[in-house]
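Visitor: return a 3D structure for these sequence lines:
(chains A, B and C)
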Amino acid sequence: MTAPVLEVEGLRVEVESTGVDIVDEVSFEIAAGEVLGLVGESGSGKSTVALALLGHTRRGARIAGGEVRVDGRDILHRRPPELRALRGGTVSYIPQDPASALNPALRIRTQLEEILAAHRYGGRDRLQEMLAEVLLPHDDAFLRRYPHQLSGGQQQRVAIAMAFACRPRVIVLDEPTTGLDVTTQAHVLATVRHLCDTHGVAALYVSHDLAVVAALATRVAVMYAGRIVETGRERVLFRASAHPYTRRLVEAIPEVSGRHALEGIAGTAPRPGQRPDGCFFAPRCSFAVDACVEAFPPVERVGDRHDVRCFRHTEVLATAARARRPAPELPAADAESVLIEVRGVNAAHGDRQVLFDVDLTVKPRQCVALVGESGSGKTTLARCIAGLHRNFDGELTLRGSPLPAGARARNRETRRELQYVFQSPYNSLNPRKTIGQIVGQPLRLFYDLGYRDAHDRIASTLERVRLSPSVMPRYPHELSGGERQRVAIARALAAEPTMLVCDEITSALDVSVQAAIIDLIAELQREMQLGLLFVTHNLALIRTIAEEVAVMSGGRIVESGKVDDVLDAPQDAYTRALLADTPSMEAALAAAEA
Amino acid sequence: MSQATAPAVPVVQRVRRRRPIVLLLRRAWRLTRTKVGVALVLLLLGIAVIGPLFAPYTADEFAGTPYEHPSAHARLGTDGLGHDVLSRFLWGGRSILGLSAAATALGLVLGVTIGLLAAYSRGRLDDLLMRLMDVILAFPSIVLALVAVATVGPKLWLLVLVVGLTTMPRVARVTRGASLEIVERDYVQAAEAMGEPRLKILSGEILPNVTSPLMVEASLRLTYAIGLIAGLSFLGFGRQPPAADWGLMINENRLGLTIQPWGVVMPVLAIVVLTIGTSLIGDGVARASAGIDPRAGAE
Amino acid sequence: MLRHGIVGFVVRRTLLGLLTLFLVSIVVFAATQVLPGDPARAILGRNATPESLKTLREQLNLDRPVVTQYTDWLGGLVTGDLGRSLAANEPVTKLIGKRVENSAVLMLLAALISIPLSIVLGSVAARRRDQPFDHATSIVLLALAALPEFVVAIGLVVLFATTVFELLPAVSLIPPDEHAWSHPKDLVLPVTALVIAVTPPIARIMRASMVDVLESEYVEMARLKGLPERTVLWRHALPNGIAPAIQVIALNLAYLAGGIVVVEFVFAYPGIGGAFVDAVSNRDLPVVQALAILIASLYVFLNVFADVATILVSPRLRTSLK
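Guide: Below is the predicted model of the structure:
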C-alpha cells in the first residue's frame, strides 16, 4: 500500500464556549486516488470533520486537538498566511449547496480566476482547461454569467472546477449532490470519480446517502454521535459489518432492486453535551451488555484495514447479515370501484403550464406511488387533488362525484376524507401550538366531541403513530424531525380519512428515520384500509409500500403500471434512465464484486 | 413486527415545557439591556404617574419670580413665568405617556389588521391596501401631523388620531412582511386544506407566529410616538399653556437656557431616558428572537 | 411603451410614484379643506364684515365647487404657481424660493456626511463582531437612534451653544439675501443634529446586513478557497452587504425631509421647515399645502430612487428584468 496522502489522528473539535466535544478521537487515512466515504446521520459530526480538514470550523466551534497531515506535513497548527495557501491549493472543498456557495454578485469568470490568482497557478489557458475538465463551455458568454443564470448541475460543476483548479492533494466533498436531480447527480459523481483517478487525488466524500457512497467510495468510515465507530472496505461494511449501528443503517437503506421491508432504529442519537459515559449507541443497541455502558470501546482491528469500536464485535460478526425480510403483502385493492380519478388535468403556475393532460387512478385501499424528479409536476398534481392548487382544468372525482378545485369549495365530509401530509416536518407544524392542539385540529373541524372524548381520541391517534401521549402538551421544537413527521401523520389520521396524500414525507429525514416512517405508513395503510398516493423522487422507496406506480416527467405521466412491472421492465426511455441513475447499493456492490 | 414498533418510543431528551412566547421573553429578559430598559421605563412611568402626588405646587401655581435659580422653595428654580420647575416637571409626563400609548395602540391595532389581511388575501386587496399605506407613508409623520393641526387646530384627540394613522402603515408593512412568510408555510396550507375558517387561520395560525417581529416593531413605534408627540408639543401644537408638558416645557424655557437651564434640562433628560428605555427593550426582544428560530429545534 | 428591461422598470416605477403623488395631493387638499366651519371667517375673525368675507372667499376661490378648486390648485402646482400666502400676501414661490435652497444645503451636507460615516461604522462593527468596538457602537447608536430630533437639537444647543460650552451659535442668523454656505458656523449644529438623526438607523442596518453576509456560505467558500482576507471583504462581502442598506439609506434621506422641520425651528434656520411651522401656526393654508406637497414629492422621489437602485445593484434582479 502506498503511503497515505492524508492522515488524520485523534481529531477533536469542541464548542468554543463550553468545551463540549462535537467530534473526538477521529482517525483515518486516505491514499492517493482513493475515495473514503464518511457516512453518518444528521448530528454525527461528519461536516465538522470535513471542514476541519481545511483547518476551518463553523462559528462557535474550535479545533481543540489532534493532527491532520498532508504528505506528512501537519496543516492544523499553521499561521493564517500558510493556512490560506493550503486552502484551495493543497486541500480543497466542494460545498453542499453550490447555489449558496457561489457569490451572487460576481460573475463566474471572477470567481474562477481568483482561485488561480490566489495560488499563482496560471492564466487564461488554465481557465479554459478547468472548464473543459468538468464539461462546461468555456466561451466568453458563459464566463460572463452570474451564478443564478446557471442550472444546479452547472453550478456544482463550477464548484468542482474550482476545487481541482490548483491540483490539490486532497479534496473534501461535503454531500455535493444533495438537492440535485438523480440524473445530474450521476453525472457529477462520474466527473468527480474521473478527476480523482486521473490526478491521483485523495478524496473524502461526506454523505448520509449510503447508496451514493457505495457507488463512489472504496473505503467507508461510519460516524455516530461524533465518533468514528467503524472503518473498512465498502464491500465488507455493507455485507458483513462488525458494528451494530452500521448493520442497522444498512438495513434501513431502501433498495430499488428488490422488495424489502425497511427497518428503522428506535430512539435518537445523543447531541453534544448529552453523550453518555459508555458507548454512545448502547441505549439503542440490541447487542448491548453491561460492559457497553461503562466505557467507550477502543479501536480494534478485525480484518484487512477493517477497524471497529465495539465490545461485541465478535458476536455481531457471527450473526449473519439478516436477510432483508420481504415486505408484507399489500392489501388487495378493490378492483371495481375507484376512489380518486384524475382525467385530462392541465395545471399551471401563473402563466406557466406545469401539468399536461394527466390521468391517474387510485382505488380504495390501494397505494399508488407518484414518482418524478423536481420540476416534474408531481407535487402540483398532489396539491390539486388535495384542493391546495386551484389553477387547473380537467376532471377530478372522488368516488365518481366531481371534486371542486379548492378545499374551501368542498364540503366537510370530502375534506375529512382526503388528508394531506407535507414534506417538511419543520414547516408543517405550527410552532406556537402544542402537539395536542395540532392533532386536535381536525377533530375540532370535523367532529363535535367533548373535551374528554377529544383528548382520548388524540391520545389513541398518537399511539397509532407510535408516539407516547405524554407528548401532547409539548411544542414542536421539542421534538426531533422524525417525531414531528409522526405528529403530522397523526394529524392526518385523526380525521379518519379514506384517502391519504403523502408528499415526499421522508425527504427531509435521515435514512434510519425514513425507514421507520415508511414502515409506519405501510402498516397504517394496511390497518386502516386507506387509499394512499405516495409522492416521492426516490424510486427505491416505492417497492415496499406501493402497488401501482406512475412516473412523471416534465408535467406528463410517461409510464404507469404495477410497481414490479415498471421497475423490472421499464418501457419508457425516461423511466429506464431514471432507474439507471438511481444509486443502488446492491448494484454497486455487485459491480465491485464482479 | 420490526423492532421499530416497540410501543411508546421514549420521546424527548430535553424536558422543556414552555410556550415559545414565554421562552422568548425569558431569553430577552436575560439580556442586560432588556433589564436596563425595563428599569428606565418603569422609573419614568413612576415619575409620570405618581410624580404629581409629590409635586410641591400645582402646574400653574406661581412659586417665585421668573428664572430664579434653585432654592429652598423651588428646588429646580422657576421658569419664565415664575412657575416651579420641579412641579411642572412632575406633572408633565402624564400627557406624553398617555397620548403616545394611545396613539401606538391605535396604530398597532389598525396596522396589524391591515397587514394580516393584505398578506393573506394577496392579489388586488393587497395591492389596494398597500397603495393606501404608501400614500400615508409619502409624508414624513411630522408633516402629516402638522397639516392636520393646520386644519383642525391643536386638539389632543387629533394628535392621537394622526400619530396613530402614521404608525399604522409602518406596522402594516412589518406585519405584512412577516405574515407573507408564514402564509407560505405548510401548517397554514394544512389548515386551508382542512377548511379552517379564514378568520381562525389569521388569528390562530398566522398572528401567533408574527408576534416576535411585532413586539419589536411595537417598541420601536412607541419610542417614535413619544418623540413625535413630545416634538409636536415642543412646536406648540400639542398641549397648550399653561398645562405642564415636557415637550412644551422645553420650548417655553429655551429662552432662559443661559440663565436657568433646569427648565429645559429636566424634561430633556426625562425624554432621553424614556426613549432609550423603550428602545432597549425592543432591542432586547429583537436579539432574543433572532436567536430563537422555532424551526431549528431538532438536528 | 417600453415594457422590458431596466428602462421599462424605471419608467413604470416612476409612473407609480407619480400616481402616489397624485393621491397624496388629494389627501393634502382634502385635509386642508376639512375645516369645520368657514375658512374665511376663521382667518378674518369674528368681527369680519360680510363684504370682507365675500372678498376673501372670492380670493380663495371658496365659492367655486370643490372639484374645481382642486383642479385649479393642481394645475397651478404643475405649472409652478403655488398659490398666494395669506399671511405674507405674496406668491408662495417668492416666499420659499431662497428657503428651498437653504434647506437643500442642509440636507445635502447631512447626506454627504452621514452616508459614508454610517457605512463605515456598520461595516467595521460587523467585522469586529462581539468585540468591544461593536458593543460600544451598538449601544451608542441604539441610544442616539431612540432620541427625537428636537431633543438632539436642544441637546446640542445646551452642550455647544449655551450651557456647557459656548462655541457655536444657538440660532442661525443668516441674512435673507446671502447663501447659507457662506456662513459655515451657522451650519455646524443644524447639520450635526441631522447627521445624528440619520446615521444610527443606517449604520445599524449596515451592520446587520454585513453580519449576514460575513456568515454566508459564499464568504465561507471564499475563505476556503484560500483568498486573502482583504479580497474576501472588499470583493465578496461588501457588494452584497450594501444592497439591503440602500432602501434604508433612501428612506432615511427622505426622513431628513421631515427632520428639517424641527431642526430648522430650533435653530431658527431660514429653510422650508421653519417656513412650514410658521405657516401652520398662522393657518396659512396655501403655504401649508404647497410645502406639504413639496416635501412629499421629495419623499416619493427618494423611494423610487431606492427601488431602482436596489434592482440595479443586485445582478440577480437586474438580469431577471431582461
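
Visitor: how about the residue in the stretch 51-200 of chain C positioned nearest to chain B: what's its closest non-neighbour residue?
Guide: Nearest residue of the stretch 51-200 of chain C to chain B (C-beta to the nearest C-beta) works out as C:P148 at 3.0 Å. (C-beta placed from N, C-alpha, C; glycine too.) Spatial nearest neighbour of C:P148, excluding adjacent residues (C-beta to C-beta, 6 or more residues apart in numbering or on different chains): B:G227 at 3.0 Å.

Visitor: what's around the one you found, how many residues?
Guide: A total of 27 residues lie near B:G227 under the criterion other C-beta atoms under 10 Å in any protein chain shown.

Visitor: that one and B:T275 touch, don't they?
Guide: Yes. Using C-beta atoms under 8 Å, B:G227 makes contact with B:T275 at a distance of 6.1 Å.

Visitor: between the two, which contacts overlap?
Guide: C:L147, C:P148, C:V151 (C-beta atoms under 8 Å, 6 or more residues apart in numbering or on different chains).

Visitor: quick one, phi/psi of the first one?
Guide: In this case it means C:L147. Note on C:L147: backbone dihedrals following degrees, to the nearest 10 are phi -70, psi 140.

Visitor: show the contacting residues for it.
Guide: Contacts of C:L147 (C-beta under 8 Å, 6+ apart): B:G227, B:I271, B:V272, B:T275, B:I276, C:G155, C:I196.

Visitor: ok, so of these, who is nearest C:V27?
Guide: Closest approach between these and C:V27, by C-beta to C-beta: B:G227, at 23.3 Å.

Visitor: for the stretch 101-250 of chain C, what spans make up the helices?
Guide: C:132-146, C:149-156, C:184-214, C:217-224, C:229-231, C:238-267 (DSSP state H, counting those that start in this stretch).

Visitor: contact residues of the stretch 51-200 of chain C facing chain B?
Guide: With C-beta under 8 Å from any C-beta of the partner chain as the criterion, the stretch 51-200 of chain C comes near chain B at residues C:139, C:142-143, C:145-151, C:154-155, C:157-158, C:162-163, C:170.

Visitor: run the last query once more with 10 Å
Guide: C:138-139, C:142-155, C:157-158, C:161-164, C:166, C:170 (C-beta under 10 Å from any C-beta of the partner chain).

Visitor: out of the residues you listed, which end up buried?
Guide: C:138, C:142, C:144-155, C:157-158, C:161-162, C:170 (16 or more other C-beta atoms under 10 Å in any protein chain shown).

Visitor: next one: the lowest-mean-pLDDT helix or strand in chain A to chain centre, how far?
Guide: None of the helices or strands of chain A scores lower by mean pLDDT, DSSP states H and E than helix A:585-593, at a mean of 76. Remark: helix A:585-593 is offset 20 Å from the chain centroid, using C-alpha atoms, centre = their mean, to the nearest Å.

Visitor: contact partners of that helix?
Guide: With C-beta atoms under 10 Å, 6 or more residues apart in numbering or on different chains as the test, helix A:585-593 has contacts from A:209-218, A:233-235, A:238-239, A:250, A:253-258, A:540, A:580, A:584.

Visitor: now do the buried residues in that helix.
Guide: Applying a neighbour-count criterion of 16+ other C-beta under 10 Å, one finds A:M585, A:E586, A:A587, A:A588, A:L589 buried in helix A:585-593.

Visitor: now chain A, which segments are flagged as low pLDDT?
Guide: A:1-2, A:321-325, A:331-335, A:594 (pLDDT under 70).

Visitor: apologies, that question was intended for the stretch 151-299 of chain B.
Guide: If you take pLDDT under 70 as the line, the stretch 151-299 of chain B has these spans: B:291-299.

Visitor: all helices for it, in order.
Guide: For the stretch 151-299 of chain B, applying DSSP H, counting those that start in this stretch gives helices covering B:156-183, B:186-194, B:198-200, B:211-235, B:246-252, B:262-291.

Visitor: are the longest one and chain A in contact anywhere?
Guide: No. Using C-beta under 10 Å from any C-beta, we find that helix B:262-291 stays clear of chain A, coming within 12.1 Å at best.

Visitor: at the contact with chain A, which residues of chain C appear?
Guide: C:129, C:213-229, C:231-232, C:235-243, C:313-320.

Visitor: between the two ends of stretch A:309-320, what distance do you get?
Guide: From its first residue to its last, stretch A:309-320 covers 19 Å (C-alpha to C-alpha, to the nearest Å).

Visitor: which of the residues in that stretch are buried?
Guide: Going by 16+ other C-beta under 10 Å, stretch A:309-320 has these buried residues: A:R309, A:C310, A:F311, A:R312, A:H313, A:V316, A:L317.
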